[in-house]
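Visitor: Any chance you can model this:
(one chain, ligands or ions: 1)
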Amino acid sequence: MPKVLFAPPALWEEYRPALLAAFDGMGVDLVQEAEPASVDYIIYAPSAPLQNFTPYTRCKAVLSLWAGVERIVGNPTLTQALCRMVDPALTEGMVEWVVGHVLRHHLGMDRHIVNPGRVWDPTCPPLARERPVAMLGMGELGRAAARALVALNFPVTGWSRTEKTVGGIPCLHGEDGLEAALRGAEIVVTLLPKTAGTENLLDARRLAMLPKGAVILNPGRGAVIDDDALLAALDAGHIGHATLDVFRIEPLPGDHPYWAHPRVTVTPHIAADTRPRSSAHVIAENIRRGEAGMPLLHLVDRARGY
Ligand code: NAP
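Guide: This is a model prediction of the structure:
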């Protein structure tokens, strides 16, 4: 019977029923505490106090409840396989957040929702087909969000580290690809992980490639944006608005200039949460695979960092 250690105590009450239901019939021993050498799998989240994986000598895999793994991937004691969360409900949530915020800016909804002067401005927005979007990051979440935007007729250009084909969506890669994606975009969505290769990716030079008035949506990771450069580009009127869900420090400190900036919208890292019911099935499937000697799903590449 595989012993599964649930490492983040604060999430136990929320996840326990979902995990027990997903493990039904699998003969899994789900515990909150165990002698490390007896543990076969660890369910992990960044809030878990567990930092030293060395004593978990027979553990086959650490199963992250989070999609982003930057807070564990570099842990030098972690020699076990690391799987990140790819949760269909999390993806659904991210698609809704991205589509909602893209439509807000595309339709200029703020002009009518916040209109204390009762201004009758009959200017019609362009059609979606006339509003190019760049999707930086074409992984699980970027692809799903890009497809949803394409279904609404937005011309989406994807950009990622490696060359790829995603039906009907032009996909670019490399430095030249990034420049082309940015130069043509009125709305940029970043769904990149935090790695050495993505930190400060949107710096002053690259922000300057965007057309004047472009909007940035960042539900990926805060460190992908150079905050000072973004604030300067907003102040200069080059960037029209930034809607940010993720930050270098979370919660975003109360005195951070993003809070007070009239053209920044802060959402508190709520773009997409892992949902216990659907994610429990992902965890269960990986344990089933591990026990059957099959390859694990959603393995993190340590060298790449995501
Ligand atoms: P994923 O499937 O691993 O996809 C990551 C994408 O980023 C891939 O397309 C990858 O390129 C690309 N990429 C990575 N490094 C790059 C680089 N140096 N240059 C260009 N492209 C690069 O991840 P995901 O599931 O879509 O999630 C993306 C991120 O969203 C997570 O890492 C997490 O930080 C964030 N997230 C946020 C929330 C929230 O609530 N705000 C929720 C969940 C996740 P390749 O395809 O070529 O490998």
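
Visitor: I'd like to know how far whatever residue of the chain ends up closest to the ligand sits from Leu149.
Guide: Proximity of the chain to the ligand (C-beta to the nearest ligand atom) peaks at Gly139, 1.7 Å away. Every C-beta, even on glycine, is put in place using the N, C-alpha and C of the backbone. From Gly139 across to Leu149, the span is 16 Å (C-beta to C-beta, to the nearest Å).

Visitor: Those two: which has the busier surroundings?
Guide: Neighbour totals were compared for Gly139 and Leu149, and Leu149 leads with 25 against 17 (other C-beta atoms under 10 Å).

Visitor: Could you report the pLDDT at the more buried one?
Guide: Per-residue confidence (pLDDT) for Leu149: 98.

Visitor: State the helix or strand in which it lies.
Guide: In this structure, Leu149 sits in helix 140-151 according to DSSP states H and E.

Visitor: Could you give me the buried positions within that helix?
Guide: Residues 140-150 are the ones in helix 140-151 that count as buried (16 or more other C-beta atoms under 10 Å).

Visitor: same check, this time on stretch 113-128
Guide: For stretch 113-128, the buried set under the neighbour-count rule, 16+ other C-beta under 10 Å, comprises Ala128.

Visitor: Centre of the chain to that stretch, how far?
Guide: Chain-centre distance of stretch 113-128: 31 Å, with C-alpha atoms, centre = their mean, to the nearest Å.

Visitor: Check stretch 95-114 too.
Guide: With C-alpha atoms, centre = their mean, you get 19 Å for stretch 95-114.

Visitor: Then stretch 168-178?
Guide: Offset of stretch 168-178 from its chain centre (C-alpha atoms, centre = their mean): 19 Å.

Visitor: try stretch 199-219
Guide: Distance of stretch 199-219 from the chain centroid (C-alpha atoms, centre = their mean) equals 18 Å.

Visitor: right, is that stretch up against the ligand?
Guide: Yes - Stretch 199-219 is in contact with the ligand by C-beta under 6 Å from any ligand atom, via Pro219.

Visitor: on that earlier part again, pull the residues that contact the helix holding Leu149.
Guide: Where contact means C-beta atoms under 8 Å, 6 or more residues apart in numbering, the residues beyond helix 140-151 that reach it are 67, 86, 90-91, 94-95, 98-99, 102, 128, 133, 135-136, 138, 156, 158, 160, 166, 168-169, 189, 191-192, 272.

Visitor: buried subset of those residues?
Guide: Buried by 16+ other C-beta under 10 Å: 67, 86, 90-91, 94-95, 98-99, 102, 128, 133, 135-136, 138, 156, 158, 160, 166, 169, 189, 191-192, 272, out of the contacts of helix 140-151.

Visitor: Just the ones in helices from those residues, please.
Guide: 90-91, 94-95, 98-99, 102 (DSSP state H).

Visitor: which among those residues are in contact with the ligand?
Guide: Leu90.

Visitor: State the pair within the ones in helices among the buried ones among the contacts of helix 140-151 that is farthest apart.
Guide: Using C-beta to C-beta, these span at most 18.5 Å, a distance reached by Leu90 and Val102.

Visitor: which residues sit against stretch 187-194?
Guide: 68-70, 94, 98, 102, 105-106, 131-139, 141-142, 145, 154, 182, 198, 201-202, 210, 214-225, 305-306.

Visitor: contacting residues around Asp203?
Guide: Residues counted as contacts of Asp203 (C-beta under 8 Å, 6+ apart) are 226, 229.

Visitor: start the count at 37, not 1, going forward
Guide: Okay, using 37 as the starting number, the last item reads as Asp239.

Visitor: Please report the distance of it from Arg340.
Guide: In this view, Asp239 and Arg340 are 21 Å apart by C-beta to C-beta.

Visitor: again, but for Gly276
Guide: Between Gly276 and Arg340 the computed distance is 33 Å (C-beta to C-beta).
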